[in-house]
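Asks: Could you work out the structure for the sequence below:
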Amino acid sequence: MIRCSAQTLVALFILTNITATICCPQTCSCQSTPNVNVDCDHRSLTAIPPGVQAQTAKLDLSYNKITTLLPEAFNSLSQLKYLHLKNNAISVISSGAFHGLTSLEKLYLNYNDVITLPENVFSSLTRLKYLYLNDNAISMISSKAFTGLSNLYELTISYNEITSLPASVFHNLQNLHRLEMYKNKISSLPVTIFQTLDKLYALDLGGNNLTTFPFGIFNGLNNLNVLMLMRNKISSVPIEALRSLPSLQHLHMFNNLLTNVSALKDLQNLKTLKLDGNCIQVLQDGVFERLTKLRILYLQRCCIETVFPSTFRGLSSLLNLYLNNNELKTLPATLFDDVQNLKRLYLRHNELTSLPSNIFTGLPLEDLELDHNKLRHPPVILSLNELHYLSLSHNDLEIIPTTFPIQRLRFGS
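Replies: This next block holds a predicted model:
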């Protein structure tokens with residue numbers, strides 16, 4: 001059943017009123033200011049309701065019980081821009097299901113039961129910019145599944161069951177800026193899979209089973225700014241593999257199996273580097289020396305036992321350094337000599353028993369965390385004029401000197 005309501009529209013340059021009729025599916029609610037929006041979410045629908053008007057711009061069918069998208073299910077909706085189908089039970093997308101959606105810009109198919117993406121399944125969606133397929137059960141994607149999506153800006157296929165991908169699956173997505181494949185079961189990737197994505201800005205491959213990646217896999221990604229490889233099983237990074245990423249500024253490789261990070265030294269535009277949760281143990285002199293633009297470095301939970309006097313040489317832009325939850329027993333007196341812009345230093349949960357007297361001299365530190373160590377004497381901080389927060393709890397402190405600037409500090413417990 002379809003409900004219709006009359007609305008009075010005043011036409012410009014015409015003195016008489018024109019009455020337009022907006023019809024709405026019986027189980028849905030509709031608004032027509034300024035575009036027609038049809039809301040059918042949370043209605044326990046098992047099929048797309050009849051009577052959705054041709055001038056509809058947004059159709060929300062989320063949180064229903066739809067299992068199948070039939071051929072030409074939306075054929076009359078040529079003005080539709082936003083289609084929400086998330087949180088249904090869709091397992092079958094029939095050929096031609098999206099035929100007629102020539103204006104569609106956003107398609108939400110996340111949180112369904114889709115298993116396969118056949119060829120040309122989205123081929124009629126030539127204006128589509130955002131496609132959300134996360135949280136399905138997708139295990140097979142045809143090499144031509146994304147044919148026709150030349151205007152696609154963002155593609156999300158995270159939280160699926162994907163183990164492998166065809167080499168050409170993304171080759172026609174020339175305008176893609178963001179690609180998210182987090183939390184699948186991918187163990188390897190074809191070397192040419194990203195070669196046409198020259199506009200790609202962010203790539204998320206985290207939460208998979210990758211152990212390494214082939215030389216040349218990132219060739220052509222000249223605009224890539226964010227690369228997420230966390231929570232894989234990567235034990236080594238081929239030095240040449242990352243040299244083809246001139247614009248990379250943020251690299252997330254936490255929770256992998258890395259023991260050596262020398263392959264990262266050529267990423268001279270990096271601003272954020274997350275290496276926490278690996279087992280690096282030893283940080284050699286100058287291991288980061290070419291990363292002169294690096295601002296945040298995460299090295300917590302890295303089994304680090306040894307650092308050298310010039311480990312952080314060259315990090316002149318570094319603001320935040322996370323060295324907490326390691327196994328450090330001593331620190332060289334000159335360790336922080338090159339990080340003259342450092343504002344936050346985290347050394348909590350180590351095995352430190354003492355600190356060189358001048359190790360922090362000249363640093364513009366605002367936050368300093370040293371709790372959960374074995375320090376017997378507090379650090380010398382009289383020269384740290386910017387220091388606001390100091391954490392010293394759970395140490396073996398014997399005495400705090402009377403010259404210690406307690407009045408201007410906020411202490412952590």
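Asks: ranges for the strands of the stretch 201-350 of the chain?
Replies: 202-204, 226-228, 250-252, 272-274, 282-283, 296-298, 306-307, 320-322, 344-346 (DSSP state E, counting those that start in this stretch).
Asks: wait, which of those is closest to residue 63?
Replies: strand 202-204 (26.1 Å; Cβ to Cβ). Bear in mind the C-beta positions are built from the backbone N, C-alpha and C, glycine included.
Asks: Any stretches of the stretch 1-150 of the chain with poor pLDDT?
Replies: 1-21 (pLDDT under 70).
Asks: Tell me how many other residues crowd residue 382.
Replies: Residues near residue 382, counting by other Cβ atoms under 10 Å, number 13.
Asks: would you list the strands of the stretch 201-350 of the chain in JSON lines and tack on mean neighbour count and mean pLDDT?
Replies: Formatted as JSON lines, those follow (neighbours: other Cβ atoms under 10 Å; pLDDT from 0 to 100):
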{"stretch": "strand 202-204", "mean neighbour count": "20", "mean pLDDT": "98"}
{"stretch": "strand 226-228", "mean neighbour count": "20", "mean pLDDT": "98"}
{"stretch": "strand 250-252", "mean neighbour count": "20", "mean pLDDT": "98"}
{"stretch": "strand 272-274", "mean neighbour count": "20", "mean pLDDT": "98"}
{"stretch": "strand 282-283", "mean neighbour count": "18", "mean pLDDT": "97"}
{"stretch": "strand 296-298", "mean neighbour count": "20", "mean pLDDT": "98"}
{"stretch": "strand 306-307", "mean neighbour count": "18", "mean pLDDT": "98"}
{"stretch": "strand 320-322", "mean neighbour count": "20", "mean pLDDT": "98"}
{"stretch": "strand 344-346", "mean neighbour count": "20", "mean pLDDT": "98"}
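Asks: Redo those strands as a markdown table? Include distance to residue 36.
Replies: Shown next, in a markdown table, are the strands of the stretch 201-350 of the chain (distance: least, Cβ to Cβ, whole Å):
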| stretch | distance to residue 36 |
| --- | --- |
| strand 202-204 | 34 |
| strand 226-228 | 37 |
| strand 250-252 | 41 |
| strand 272-274 | 44 |
| strand 282-283 | 60 |
| strand 296-298 | 46 |
| strand 306-307 | 63 |
| strand 320-322 | 49 |
| strand 344-346 | 51 |
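Asks: what's the closest of those to residue 81?
Replies: Nearest of the strands of the stretch 201-350 of the chain to residue 81, taken as Cβ to Cβ: strand 202-204 at 23.8 Å.
Asks: strand partners of the closest one, parallel vs antiparallel please.
Replies: Under the criterion DSSP bridges, strand 202-204 sits next to strand 178-180 (parallel), strand 226-228 (parallel) in its sheet.
Asks: Make CSV out of those strands and add distance to residue 306.
Replies: Converted to CSV, the strands paired with strand 202-204 look like this (distance: least, Cβ to Cβ, whole Å):
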stretch, distance to residue 306
strand 178-180, 37
strand 226-228, 28
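Asks: Before I go, just wanted to say thanks for your time.
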